[in-house]
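K.L.:
what follows is a predicted structure for the sequence shown.
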Amino acid sequence: MNALPTSPAYSAFLAGAWTQTGRTFEVHSPAMGETIAIVADCGLDEARRAAVAAHAAFLQWRARTPWDRAPILQRWGALILQHEVRLAHGIAREMGKPVTEAKGEIRYSAALAGDFAEEAKRVFGELVPSQFADKRLLVTKRPVGPVLAITPWNFPALMIMRKAAAALAAGCTVIVKPAEQSPLTALELAQLWEEAGGPPGTLQVLPTSDPAPLAAALLDDVTVRKLTFTGSTEVGILLNRHAAATLKHVSLELGGHAPYLVFGDADVAQAARDVAASKFRNAGQTCICTNRVYVQRGIADAFEAELARVTAALRVGDPLQDVTQIGPLVDAAGLRKVEAHVADALAHGAHVLTGGRALGGLFYEPTVLSGVTDDMLIMREETFGPVAPVLRFDDEAEAIARANDTPFGLAAYVWTRDVGRVFRVSEALEYGIIGVNDPIPSTAQAPFGGTKASGLGREQGKWGLEAYLETKFTSVRLA
C-alpha cells in the first residue's frame with residue numbers, strides 16, 4: 001500500500017486519482033485533542049468533477065455483470081479484514097470509539113462487502129404473462145445511477161459500507177461525502193477499493209470542512225440519481241427537499257429515541273447487562289442505542305441497583321487501549337448536550353444512581369438516572385451520550401403507549417420470558433428494528449432502517465440492494 005495510511009496529509013480520492021485541492025482542514029483526536037491529520041478540503045469544483053467522473057464510470061460499471069462486480073467486492077472485504085487492526089486504531093483515533101468496538105465495526109463492514117457481492121447475483125427478473133400470443137413482457141432491474149452518500153462520524157466505516165457496497169454491487173457509482181470529524185477511514189476504504197481492482201470513478205471520496213455547498217452542488221446535478229444519507233432528522237428533511245427538485249431516489253436513516261421495555265418476568269441481572277450493552281456502546285453515540293429505559297414497577301428497585309452496579313464498573317479511558325469500554329464524546333457540542341440533559345433532569349427531580357460528572361476533556365462518566373419523568377428534556381430529545389434514564393410502568397399497554405409516544409421509530413427493545421408478550425409487544429411497537437432479549441440486533445444480512453421521523457427505506461441484505469435498483473419493463477412483440 002502507498003503512503004496514505006501513515007501520512008499526516010491526506011488527499012481526496014477523485015476520478016480514480018489521489019488529488020490535493022490547494023485547501024486543507026485539520027482532523028483532531030477527541031480523546032487527546034491533538035491534530036492527527038491534515039486533509040484535502042473539497043469544494044464546488046471537486047463536486048462538479050466528481051459528478052462528471054461518476055457518470056462516465058457508471059456507463060461502464062453498469063454494463064458489467066454481477067459476476068464481474070462481485071469478485072472486486074469480495075476482494076475489498078478481504079482487504080478490509082486484512083487491515084482490521086490498523087483500520088480499528090484509525091477509527092479510535094479520529095472519533096474516539098474504543099478499539100475493541102472498532103474492530104467489530106471493521107468485521108461488520110467487511111461482511112457487508114461479501115454479502116452484497118452475493119446478493120448482486122440474485123437480482124432476478126420476471127416474465128409477465130401476456131394476453132397477446134405474439135408478445136413477451138419482461139421485467140428487469142437496473143441500477144439507478146450515480147449515488148451521493150453522505151455519512152456520519154459515529155460509524156465511519158460501517159455507514160459507508162452499508163451504502164457503497166450495496167450501490168457498487170447493484171452497478172451504481174458512488175460519491176462519498178464523509179463527516180468532517182472522521183474522513184480518514186473513508187479515504188482508507190477508498191484506497192482498499194482501488195487495491196481490490198475497483199475501476200476509476202466508481203468510488204470517490206470528497207472530504208470537506210464545509211459540507212453544505214458541496215452537497216448542494218451534487219444534489220443539483222441531474223446526473224446524480226440518488227441520495228443516501230445517515231444523520232439527524234432535521235438535516236435529512238432539508239436534504240430530501242433539495243433532492244426533490246431533481247426527483248432523485250432517496251434513502252434516509254435518521255434520528256432515533258429507542259425505548260427498552262423491561263418486564264417483570266425478566267432476569268434482572270441479565271436485563272441490566274443487556275441494557276448497558278445497548279446504552280453505552282460507543283459511549284451512547286449510536287442511532288439505535290437505547291435512550292429510554294422503562295421498567296415494570298415490581299422489579300424496578302432491583303433493576304436500578306443492578307444497572308447502576310454494571311454501569312459503575314465500565315472502564316473510561318484512552319480508546320486505543322484494549323481495556324477501555326467508554327471513550328470520549330466526539331466533540332464539545334456533544335458533551336454540552338449530555339451535560340444539559342443531565343442538568344435538566346436533576347433540576348426537575350431526577351437523581352443520579354451512578355456517574356453524572358464530566359471527567360475532563362470530552363469524557364463523561366457513564367450515568368444512570370432514576371426518578372425520570374416523561375416531561376424532562378432527556379425524554380424529548382436523543383441524548384447521544386452515556387446517560388441511561390430509568391422510568392417505571394405498571395402494565396403492558398402503558399409500556400407500549402409510552403414507547404410509541406415519540407416522532408421517532410428506528411429501534412426498540414424488549415426483555416421478557418413470556419412468548420405471548422414477545423409477539424404482542426413487538427408487533428405493537430412502531431419501530432423498524434426490534435430487539436427481543438437482544439441488545440445488539442443489527443446484522444449484515446438483515447434490513448436496517450426506521451419508521452416515522454427515523455427515515456425512509458432500508459439498508460443491508462436484499463432490501464438494501466433494492467434501494468439502488470429501479471424496475472424496467474420491456475414489451476417484445478414477436479416478428
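P.N.:
Yep, that arrived.
K.L.:
what's whichever helix or strand residue 236 is part of in contact with?
P.N.:
According to DSSP states H and E, residue 236 maps onto helix 233-244. For helix 233-244, contacts defined as C-beta atoms under 8 Å, 6 or more residues apart in numbering pick out 150, 215-216, 219-220, 227, 229, 250, 252, 254-255, 407-408, 453-456. (Each C-beta comes from the backbone N, C-alpha and C, glycine too.)
K.L.:
buried among these? Make that a ChimeraX selection.
P.N.:
This is how ChimeraX selects the buried members of these, with burial counted by 16 or more other C-beta atoms under 10 Å:
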select :150,215,219,227,229,250,252,254,255,408,453,454,455,456
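K.L.:
so which of the contacts of helix 233-244 are in strands?
P.N.:
150, 227, 229, 250, 252, 408, 455-456 (DSSP state E).
K.L.:
in CSV, list those residues along with distance to residue 157 and pLDDT.
P.N.:
Putting the ones in strands among the contacts of helix 233-244 into CSV (distance: C-beta to C-beta, whole Å; pLDDT from 0 to 100) gives the following:
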residue, distance to residue 157, pLDDT
150, 15, 98
227, 20, 98
229, 17, 98
250, 23, 98
252, 20, 98
408, 25, 97
455, 20, 96
456, 23, 96
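K.L.:
which among those gets closest to residue 327?
P.N.:
residue 150 (24.0 Å; C-beta to C-beta).
K.L.:
how about that closest one, what does it touch?
P.N.:
177, 211, 215, 227-231, 239 are the contacts of residue 150 under C-beta under 8 Å, 6+ apart.
K.L.:
kindly list the longest helix within the chain.
P.N.:
In the chain, assigned by DSSP state H, the helix with the most residues is helix 99-119.
K.L.:
buried set for that helix?
P.N.:
For helix 99-119, by 16+ other C-beta under 10 Å, it's 99, 101-117, 119.
K.L.:
which elements pack onto that helix?
P.N.:
If you count contacts as 3 or more C-beta pairs under 8 Å, 6 or more residues apart in numbering; DSSP states H and E, helix 99-119 packs onto helix 66-82, helix 84-95, helix 158-170, helix 461-466.
K.L.:
could you redo the last one with a cut-off of 10 Å?
P.N.:
helix 66-82, helix 84-95, helix 158-170, helix 184-196, helix 461-466 (3 or more C-beta pairs under 10 Å, 6 or more residues apart in numbering; DSSP states H and E).
K.L.:
can you name the next helix or strand after the fourth one?
P.N.:
If you walk from helix 184-196 toward the C-terminus, the next helix or strand you reach (DSSP H and E) is strand 203-205.
K.L.:
quick one: mean pLDDT for that following strand?
P.N.:
When pLDDT is averaged over strand 203-205, the result is 98.
K.L.:
which strands and helices lie in contact with it?
P.N.:
Using 3+ C-beta pairs under 10 Å, 6+ apart: strand 203-205 touches strand 12-14, helix 44-61, helix 158-170, strand 174-177, helix 184-196.
K.L.:
out of these, deepest packed?
P.N.:
Compared across those, helix 158-170 shows the largest average neighbour count, a mean of 29 (mean count of other C-beta atoms under 10 Å).
K.L.:
so how far is it from its chain's centroid?
P.N.:
12 Å (C-alpha atoms, centre = their mean, to the nearest Å).
K.L.:
and what of stretch 319-335?
P.N.:
18 Å.
K.L.:
please apply the same query to stretch 256-263.
P.N.:
Worked out by C-alpha atoms, centre = their mean, stretch 256-263 lies 19 Å from the chain centre.
K.L.:
mean confidence score for it?
P.N.:
On average, stretch 256-263 scores 97.
K.L.:
please name the nearest non-neighbouring residue to the residue sitting nearest the centre point of the chain.
P.N.:
By C-alpha atoms, centre = their mean, the mean C-alpha position of the chain lies nearest to residue 159, the distance being 4.4 Å. Distances taken as C-beta to C-beta, 6 or more residues apart in numbering place residue 151 nearest to residue 159, at 4.3 Å, with adjacent residues excluded.
K.L.:
so the one you found sits against residue 175, correct?
P.N.:
No: counting by C-beta atoms under 10 Å, residue 151 sits too far from residue 175 to count as a contact (11.2 Å).
K.L.:
overlap in contacts of those two?
P.N.:
Jointly contacting residue 151 and residue 175 under the rule C-beta atoms under 10 Å, 6 or more residues apart in numbering are 164, 205.
K.L.:
break the protein into its domains for me.
P.N.:
4-254+454-477, 258-443 (automatic domain parsing).
K.L.:
straight-line length of stretch 323-331, end to end?
P.N.:
22 Å (C-alpha to C-alpha, to the nearest Å).
K.L.:
stretch 28-36 too?
P.N.:
For stretch 28-36, the end-to-end distance is 6 Å (C-alpha to C-alpha).
K.L.:
same question, stretch 430-441
P.N.:
16 Å.
K.L.:
that one - what's its average pLDDT?
P.N.:
98.
K.L.:
what does stretch 135-145 give?
P.N.:
98.
K.L.:
what residues of that stretch count as buried?
P.N.:
141, 143-145.
K.L.:
next one: that stretch to chain centre, how far?
P.N.:
On C-alpha atoms, centre = their mean, the centre of stretch 135-145 falls 31 Å from the chain's centre.
K.L.:
go ahead and confirm residue 329 touches residue 96.
P.N.:
Yes: when contacts are counted by C-beta under 10 Å, residue 329 is listed as touching residue 96 (7.4 Å).
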